[in-house]
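Novice: Here is my input; please provide its structure:
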Amino acid sequence: MELAREELAKKLKEDFPIFKTGSFAYLDNAATTQKPKQVLEAMEHYYHAENANPLRGLYELSLKATEAYEEAREAVAKFLNAKESAEIIFVRNATEGLNLIAYTYGRAFLQEGDEIMLPVSEHHSNFIPWQQLAKEKGLKLHFLEPNEEGIITEESFRAVLNPKVKLVAMAQVSNVLGSIQDIKLFAKLTHEIGAVFVCDGAQSVPHTKVDVQDLDVDFLVFSGHKLYAPMGIGAVYGKKELLEKMPPFLFGGEMIEYVTKEGATWAELPHKFEAGTVNVGGAVGLTAAISYLDKVGFSFIEEREAELCAYLMEGMEKVPHVHIVGSKDPKRHHGIVTFTIDGVHPHDIAAIFNSNQVCVRAGHHCAQPLMKFLGTPSTTRVSLGLYNTKEDVDAFLAALKTIRGVMGYGE
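Specialist: This next block holds a predicted model:
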């Protein structure tokens with residue numbers, strides 16, 4: 001089975017035109033993924049044959065564009081198992097989605113003295129909006145700390161949870177540690193005190209099947225570009241009863257029902273949150289990416305990334321002076337492995353990998369509070385995708401073994 005999955009990964013790699021432009025190992029999938037020809041061709045067809053401003057045009061091209069856009073919404077709703085497509089709001093990315101929730105739900109329903117809980121391990125996109133909202137409205141932030149495995153435990157969650165908490169924000173999968181949190185449990189505990197739960201699905205939605213009804217989260221966001229779709233398209237899932245109560249995020253065209261000199265009324269869901277000309281081409285690409293993932297199947301994706309992550313970590317552990325951050329169990333990493341090397345700055349590490357045609361990411365990974373918690377200013381990260389092969393990992397490991405020597409340590 002493992003051999004069969006390796007062969008399938010090699011076959012899938014042929015769907016991605018960028019890998020025909022040169023010989024390199026792309027291992028920065030947590031930052032963004034490459035795009036299959038099915039996505040590129042779908043977008044090209046849209047712009048060649050169906051491009052128009054959608055929603056209000058009554059001519060054929062505009063109607064086709066409207067149909068393509070709303071089909072994308074239906075595809076996302078089905079993909080996440082939302083109750084209906086009106087619960088899906090298109091945005092540019094997960095960052096914009098989290099800001100939408102903070103600025104609309106947060107401003108409208110959180111009051112001075114209310115409290116927000118979030119892990120110290122959150123990406124800045126799920127950290128700064130709540131931090132700034134707290135400053136603006138006089139809210140209190142509670143920070144949850146992960147254990148050595150990168151996990152927020154039920155015990156630590158319950159220890160902070162209290163009746164003043166009105167919102168909990170948490171990533172399902174950490175973009176640094178790769179650890180997955182028990183979102184279903186934490187959403188249940190959050191609801192027991194009458195608070196709402198916001199889930200950052202940027203690192204989980206591309207790698208595992210996410211069912212928003214089963215998780216019972218109130219909001220969930222993701223970015224299309226981490227999902228083999230184009231940049232500039234993402235989505236917010238929100239429970240309809242909450243979205244209906246929330247004010248708009250942006251004002252202008254398309255999000256209105258009626259305007260006078262004295263005021264305005266808003267369009268019905270989901271359009272009241274989608275001001276201005278929408279990204280139909282990106283939505284078409286997202287539809288194609290979802291279709292592609294459905295055909296590949298999440299059972300393959302999860303099994304493949306798990307076995308490749310185990311192979312990766314086994315090789316890394318054999319290299320002296322390399323330290324994996326977080327759990328030593330590959331099953332805890334979900335394709336994301338962050339590490340340090342004694343005496344070598346992460347930027348130098350990434351530069352040496354680059355000279356060996358291996359693409360990795362170095363820095364604080366937009367998670368500086370987590371870096372401070374871990375006691376290191378920055379790290380290097382390798383992250384896997386469905387098209388990665390053992391050859392990619394072997395190229396990474398071969399370069400890894402040379403880094404200390406290149407930096408003059410004689411090892």
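
Novice: give me the low-pLDDT residue ranges for the stretch 201-350 of the chain?
Specialist: Residue ranges of the stretch 201-350 of the chain with pLDDT under 70: none are present.

Novice: Tell me where it has helices.
Specialist: 212-215, 240-245, 280-296, 298-316, 346-355 (DSSP state H, counting those that start in this stretch).

Novice: residues touching Val76, list them.
Specialist: Residues near Val76 by C-beta atoms under 8 Å, 6 or more residues apart in numbering: Ala82, Ser85, Ile88, Ala235, Tyr237, Leu286, Ile290. (Glycine included, C-beta is placed from N, CA and C.)

Novice: Between those residues, which sits nearest Lys331?
Specialist: Closest approach to Lys331 among the contacts of Val76 (C-beta to C-beta): Ile290, at 26.0 Å.

Novice: The closest one against Ala77, yeah?
Specialist: No. The pair Ile290 and Ala77 fails to qualify as a contact (C-beta atoms under 8 Å) at a distance of 10.6 Å.

Novice: Please tell me how far Trp266 sits from Thr340.
Specialist: Counting by C-beta to C-beta, to the nearest Å, the separation of Trp266 from Thr340 is 50 Å.

Novice: These two: which is more packed in?
Specialist: Taking neighbours as other C-beta atoms under 10 Å, Trp266 and Thr340 compare with Thr340 leading, 19 against 15.

Novice: Okay, now the unreliable bits of the stretch 51-200 of the chain?
Specialist: Judged against pLDDT under 70, the stretch 51-200 of the chain has no low-scoring part.

Novice: give the contact list for the closest residue to Ser204 other than its chain neighbours.
Specialist: For Ser204, ignoring the flanking residues on the chain, the nearest one in space by C-beta to C-beta, 6 or more residues apart in numbering is Gln172 at 3.8 Å. By C-beta under 8 Å, 6+ apart, the contact list for Gln172 reads Ile180, Gln181, Ile183, Cys199, Asp200, Gly201, Gln203, Ser204, Val210.

Novice: Map the structural domains onto the sequence of this protein.
Specialist: As given by automatic domain parsing, the domain ranges for the chain are 2-30+297-406, 40-294.

Novice: And for the nearest residue to Ala9 once chain neighbours are set aside, the neighbour number?
Specialist: Spatial nearest neighbour of Ala9, chain neighbours left out: Thr389 (5.2 Å); criterion: C-beta to C-beta, 6+ apart. Look at Thr389: counted by other C-beta under 10 Å, it has 18 neighbours.

Novice: again, but for Lys135
Specialist: Lys135: 10 neighbours (other C-beta under 10 Å).

Novice: how far is stretch 172-188 from where the chain is centred?
Specialist: Offset of stretch 172-188 from its chain centre (C-alpha atoms, centre = their mean, to the nearest Å): 12 Å.

Novice: And it, what's buried?
Specialist: Applying a neighbour-count criterion of 16 or more other C-beta atoms under 10 Å, the buried positions in stretch 172-188 are 172-183, 186-187.

Novice: farthest-separated two in the residues you listed?
Specialist: Across these, the two lying at the largest distance from each other (C-beta to C-beta) are Val176 and Ala187, at 22.4 Å.

Novice: returning to that earlier point: which of the contacts of Gln172 sits closest to Arg404?
Specialist: Gln203 (29.7 Å).

Novice: and that closest one, how far is that from Ala187?
Specialist: Counting by C-beta to C-beta, the gap from Gln203 to Ala187 is 18 Å.

Novice: Which of the helices of the stretch 201-350 of the chain sits closest to Ala49?
Specialist: Closest to Ala49 of these, according to C-beta to C-beta: helix 280-296, at 11.0 Å.

Novice: for the longest helix seen in the chain, which positions count as buried?
Specialist: Looking across the chain with DSSP state H, the single longest helix is helix 60-80. By neighbour count on 16+ other C-beta under 10 Å, the buried set for helix 60-80 is 62, 64-66, 68-70, 72-73, 75-77, 79-80.

Novice: Can you pick out the most distant pair from these?
Specialist: So, the buried residues of helix 60-80 by C-beta to C-beta: farthest apart are Ser62 and Leu80, at 27.6 Å.

Novice: Kindly tell me how buried Pro247 is, as a neighbour count.
Specialist: By other C-beta under 10 Å, 13 other residues sit near Pro247.

Novice: For the stretch 301-411 of the chain, just list every one of the strands.
Specialist: Counting by DSSP state E, counting those that start in this stretch, one finds strands in the stretch 301-411 of the chain at the ranges 322-324, 336-341, 358-359, 361-363, 379-383.
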